[in-house]
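Student: I would like the atomic coordinates for the input below:
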Amino acid sequence: MTYDQHQRYIEQTFDSYCKTIIKNTAVDILRKEQTKRKHEISLSCFPDPEDIGLSVEDTYSLDE
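Tutor: Predicted coordinates:
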């Protein structure tokens, strides 16, 4: 193996390593997003708190 062939082998090996790391990171991100979507519920899915009586608005008289 000549010096140029060895250098090309090193570059190709490093290139392959970097692509693998990027691909695995992307897969990890997608898995985390899927898990989050499976377990979290959007607040827009819940009814208005005032309609079901979960909230109370205090009213104060300004005269006192």
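Student: now D63: which helix or strand?
Tutor: Secondary structure assignment for D63, by DSSP states H and E: no helix or strand.
Student: mean confidence for the lengthiest helix in the chain?
Tutor: For the chain, the helix with the greatest residue count under DSSP state H is helix 3-39. Average pLDDT, helix 3-39: 96.
Student: any idea how far that helix is from the chain center?
Tutor: Its chain's average C-alpha position is 18 Å from that of helix 3-39, according to Cα atoms, centre = their mean, to the nearest Å.
Student: next: stretch 24-42.
Tutor: In terms of Cα atoms, centre = their mean, the centre of stretch 24-42 is found 6 Å from the chain centre.
Student: again, but for stretch 39-52
Tutor: Taking mean C-alpha positions (Cα atoms, centre = their mean), stretch 39-52 and its chain are 22 Å apart.
Student: gap between D4 and I10?
Tutor: 11 Å (Cβ to Cβ, to the nearest Å). (C-beta placed from N, C-alpha, C; glycine too.)
Student: what about S61, how many neighbours?
Tutor: Using other Cβ atoms under 10 Å, S61 is surrounded by 5 other residues.
Student: and if you look at E33?
Tutor: Neighbours around E33, by other Cβ under 10 Å: 10.
Student: quick one, what contacts D15?
Tutor: Not one residue lies near D15 by Cβ atoms under 8 Å, 6 or more residues apart in numbering.
Student: just K38 next, same as before
Tutor: Applying Cβ under 8 Å, 6+ apart, no residues qualify as near K38.
Student: separation between it and T59?
Tutor: 42 Å.
Student: now D15
Tutor: Taking Cβ to Cβ, one finds D15 at 68 Å from T59.
Student: right, I'll leave it there.
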